[in-house]
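> here is a sequence with its predicted model. Questions after.
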Amino acid sequence: MKALLEATIAVERIAAVAEIAWLKRRPELALLCRAAVDAGGRLAPETVQAVLPGLGEAGARNVVAWCRTLGLVNGGGALTELGERVARGDEAPVPEQGAYDLWLAQHPVLGRRILAIARVTSSARLRPEKDLTPLPFAPEQGVVFRSVVEPRERFVLRGFLANHGEIRCVRGTTGAMCRLRWRLDFEAGRDEWRLDGALESPQGGMAPVQHEPETEGLDLWALVAAWGAGPLVGHGRWQASECRLAVGIGGLSEAEQESFRKTLRLDRADVPGNGSYEGVLLEDVPIGPASAYDAQRWARARLDRSLARDPIYRSRGAVRRLFDELVQGTPLERFAPELPAHDELTGGALHAQEPALYWSLVAPVDLAPRRVPPEELAALRVGARVSAPAAGIEVASE
């Protein structure tokens with residue numbers, strides 16, 4: 001089972017004075033962070049001295065202070081999430097202050113994110129006091145963002161420069177289009193989302209969004225169980241223990257009856273903590289009968305189609321084996337549907353409507369060299385509530 005969730009993301013374009021740390025190759029800082037990992041996650045002066053032999057204690061303390069300024073460690077010297085990231089590679093944030101164009105977006109999945117950034121070569125846009133307004137929202141600080149226009153650019157917002165304690169910006173116009181596409185693969189236990197669309201390019205014109213897929217690590221079966229008490233109610237009864245939707249046979253296509261799968265569209269579905277989505281497409285939803293009545297009709301419909309597709313002469317034993325194959329290992333099995341007795345299966349209606357099929361079932365019985373045993377001509381119940389006799393054909397247990 002798979003689902004596609006989509007949402008339009010509003011993009012804000014602003015110009016502001018900020019401190020941005022650009023990720024650049026700094027192997028010496030990565031070496032220090034890796035040493036801190038080996039030392040239990042804390043960068044102490046003695047750890048610095050072990051990495052940089054000959055450095056005095058005062059110099060080592062200055063290095064720790066510089067790492068704290070860069071956001072690699074906290075006030076107690078413990079590695080931050082950013083510091084752990086630097087330890088896994090060779091790039092570290094190098095800060096600078098200036099005026100920037102920023103494209104911002106927020107959503108429960110995205111968080112408060114900077115999608116793209118460009119240096120403002122002239123401060124003219126920031127001069128008129130009347131043009132300055134509060135930020136539409138504050139992007140997250142201390143988080144590594146990757147530009148969706150220039151994917152090689154990665155940066156960290158360290159903060160905005162405030163005027164008398166108030167952060168102001170110039171709101172700009174943008175033709176940006178951005179959409180979130182979130183694919184859930186329930187059987188694989190994987191969710192993956194990405195952005196697509198277009199943003200203004202620093203080189204001019206619009207550039208396509210380039211975004212590497214990300215994941216939220218959802219418990220997908222818990223999510224669909226929650227949907228079972230919500231948007232799935234109108235389509236059937238979700239059986240969490242079976243990971244299956246119990247449905248009536250009415251309205252099911254032949255393909256859905258044969259595959260035990262159905263595609264649904266939910267008007268609206270919530271992902272707790274990650275937003276609400278409209279028009280959610282659920283593909284290949286596992287389905288099974290909602291009742292014994294539905295299972296009986298479903299099993300008989302499968303049998304009738306199978307017989308009609310290939311109206312060869314079949315002995316009663318072959319018909320029993322075919323019915324067994326069509327039920328065993330399917331969601332029908334738990335309801336133990338019944339194959340009608342031979343006379344009922346080959347009743348007058350079949351003779352009138354499908355004479356070739358009628359004779360393909362009747363002739364092997366009537367012309368059998370030996371009399372067919374009555375128990376073989378009787379009805380056969382196949383499924384979870386029956387036991388297998390020596391002949392290998394399941395028979396109803398009374």
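Nice, thanks for sending it over.
> element containing Glu192, please.
strand 190-200 (DSSP states H and E).
> what's the mean pLDDT across that strand?
Strand 190-200 shows a mean pLDDT of 96.
> contact partners of it?
Strand 190-200 has contacts (CB atoms under 8 Å, 6 or more residues apart in numbering) with 5, 9, 11, 13, 103, 109-110, 115-116, 148-149, 174-185, 206-209, 211-218, 220. No exception for glycine: its C-beta is placed from N, CA and C like everyone else's.
> show me which residues of that strand are buried.
For strand 190-200, the neighbour count (16 or more other CB atoms under 10 Å) marks Asp191, Trp193, Arg194, Leu195, Gly197, Ala198, Leu199, Glu200 as buried.
> redo the residues you listed as TSV? Include distance to Pro134.
Formatted as TSV, those follow (distance: CB to CB, whole Å):
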residue	distance to Pro134
Asp191	35
Trp193	30
Arg194	31
Leu195	26
Gly197	26
Ala198	27
Leu199	23
Glu200	23
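> looking at the residues you listed, which is nearest Glu254?
Taking CB to CB as the measure, Glu254 lies nearest Asp191 of the buried residues of strand 190-200, at 32.1 Å.
> would you mind measuring from the closest one to Glu242?
With distances taken as CB to CB, to the nearest Å, Asp191 is found 22 Å from Glu242.
> what is the burial count for Gln257?
Close neighbours of Gln257, defined as other CB atoms under 10 Å, add up to 20.
> show me where pLDDT drops low in this structure?
122-130, 384-398 (pLDDT under 70).
> and it, what are its domains?
27-89, 220-289, 293-396 (automatic domain parsing).
> helices of the stretch 51-200 of the chain, residue ranges please.
Listed in chain order, the helices of the stretch 51-200 of the chain (DSSP state H, counting those that start in this stretch) span 57-69, 81-87.
> so can I have JSON lines of those showing distance to Arg321?
Output for those, formatted as JSON lines (distance: least, CB to CB, whole Å):
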{"stretch": "helix 57-69", "distance to Arg321": "74"}
{"stretch": "helix 81-87", "distance to Arg321": "61"}
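> what about the strands in the stretch 51-200 of the chain?
For the stretch 51-200 of the chain, the strands defined by DSSP state E, counting those that start in this stretch occupy 91-107, 111-119, 132-134, 144-146, 154-160, 168-172, 177-185, 190-200.
> nearest to Arg237, out of those strands?
Using CB to CB, the strands of the stretch 51-200 of the chain put strand 177-185 closest to Arg237, at 20.8 Å.
> mind listing residues that contact the closest one?
With CB under 8 Å, 6+ apart as the test, strand 177-185 has contacts from 2-11, 105, 107, 109-110, 115, 190-199, 209, 218, 220, 223, 277.
> mind listing the strands for the stretch 201-350 of the chain?
Under DSSP E, counting those that start in this stretch, the stretch 201-350 of the chain gives strands at 206-208, 237-239, 244-247, 261-270, 276-289, 338-339.
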